[in-house]
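> Output the structure for:
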Amino acid sequence: MSATGMQRTPGSPSPGAVPAAPRRALRLGAFASPETMTLLVLLAVLVVLSIATTDNFLDVDNLRAIVRAAALTAIVAIGLTFVTLSGNFFSLSLGQTAAACGVVFAMMLRDGWPAGLALLVVLALAVAIGCAQGVVVAAGANPIIVTLGAGGALAGLTGIIAGGKGIATGSTSLDWLGDSRPLGFPIPTYAFVVIAILAVVFLARHRAGRALMLVGSNRLTAAATGLSFRRATVLAFSISAACCAVVAVLTVTQFNRADGGQFDDLTFDALAAVLVGGAALQGGEGSPAGTALGALFIATLANFMVLHDYSYGVRLTIQGVVVVLAVTAFHIMRQRRNAR
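Now for the predicted structure:
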């Protein structure tokens, strides 16, 4: 009998422990889920089709453009994956969070703040924004309503701070982040690879990452083992907002400016990457690896349509249809797998 008067059944998990079966599932699901493998095949088909029908698809500048677009979207989408995995659907304030961070960062650089201090302030601001939303959602509020409202508030505050104008930074010590191309690839590519690896390792190996997955897959089981839905939710939203800050910094240093409308398409692109990447909206299923492939697929598809001179309306329609088809197909795949 323990000091509290409660006796634990031999072999049962202790409070706060993550069961072994979910741990194994996490390791396998990050790399070889049916959804990820299916998307990999579809991406290969899209690449072959692009090469066969587009003269300049394999041009170095075009490939760099695809990789950069995919990297920036993937960084934010990987952060959003944490929100989805935790069972909180998704966030609708990603673009506004990135815009707010970008404007604040550009203003600090313009006013002569040390680059390192400016980076720390922006990351702290992003984590505070994400943490605030996570606390409200964890208290029982609808994540869609909370993040939609937060996005509107952030857009308004960003407009007030910037005065409705773009903020030019001038030349700074961080220009290399936007200009450098080690081994021919822009810095955002390396940032994406590092963040993707860290995300996979965190979810598969770290207790907090495994707990976040378990909370998303079965909240009652998680509560029975002493895992906190509140802690997982705040962590997920904080990580998501921090990824937005990273993209804001990379974008500002490339263009040496920021404005409130700089990331208007970011939320939809990131959400599309997460859904096409195979994450389940109900939570607990998906992986950063799948999301990364989803971002690459979306960027390649967008590039294919641009090279074929499709209008913006047509491109948006096709991208929306692809997302719907992917969500439907992956849902059917999960139903059949769970029925076995």
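> tally of neighbours for I75?
28 (other CB atoms under 10 Å). Any C-beta I mention is one placed from the backbone N, CA and C, and that applies to glycine too.
> swap in V306?
Counted with other CB under 10 Å, residues neighbouring V306 total 14.
> Contact partners for the closest residue to T54 other than its chain neighbours?
For T54, ignoring the flanking residues on the chain, the nearest one in space by CB to CB, 6 or more residues apart in numbering is L307 at 4.9 Å. Going by CB atoms under 8 Å, 6 or more residues apart in numbering, L307 touches S50, T54, N56, F57, N62.
> From N62, how far out is L307?
According to CB to CB, to the nearest Å, L307 stands 8 Å off from N62.
> Can you pull the residues that touch both of those two?
Common neighbours of L307 and N62 (CB under 8 Å, 6+ apart) are N56.
> shouldn't F330 be in contact with E35?
Yes: in this structure F330 lies within contact range of E35 using CB atoms under 8 Å: 5.0 Å.
> Report how many residues lie close to L157.
Neighbour count of L157, defined by other CB under 10 Å: 14.
> Strands of the stretch 51-200 of the chain, start to end?
Along the stretch 51-200 of the chain, the stretches classed as strands by DSSP state E, counting those that start in this stretch are 167-168.
> contacting residues for the residue nearest in space to the middle of the chain?
Centroid check for the chain by CA atoms, centre = their mean gives A77 as the closest residue, at 2.1 Å. Contacts of A77 were listed using CB under 8 Å, 6+ apart, and they are D269, A270, L271, A273, V274, G277, T291, A292, G294, A295.
> ok so, going back, buried members of the contacts of L307 into ChimeraX, please.
To isolate the buried members of these in ChimeraX, using 16 or more other CB atoms under 10 Å:
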select :50,54,57,62
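> Which of the contacts of L307 fall in helices?
Residues of the contacts of L307 located in helices (DSSP state H): S50, N62.
> okay, the contacts of L307 in TSV with distance to S228 and pLDDT next?
Shown next, in TSV, are the contacts of L307 (distance: CB to CB, whole Å; pLDDT from 0 to 100):
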residue	distance to S228	pLDDT
S50	46	93
T54	50	88
N56	52	88
F57	48	92
N62	47	92
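> overlap in contacts of F330 and E35?
With CB under 8 Å, 6+ apart as the test, F330 and E35 both reach G278.
> just to revisit the earlier point, and the gap between the residue nearest to T54 and L109?
Using CB to CB, which is the criterion applied here, L307 is 35 Å from L109.
> Name only those of the contacts of A77 that count as buried.
D269, A270, L271, A273, V274, G277, T291, A292, G294, A295.
> Just give me the closest of those residues to V45.
G294 (15.0 Å; CB to CB).
> Now do the SS call for that closest one.
Using DSSP: H, G, I helix; E, B strand; the rest coil, the structure places G294 in helix.
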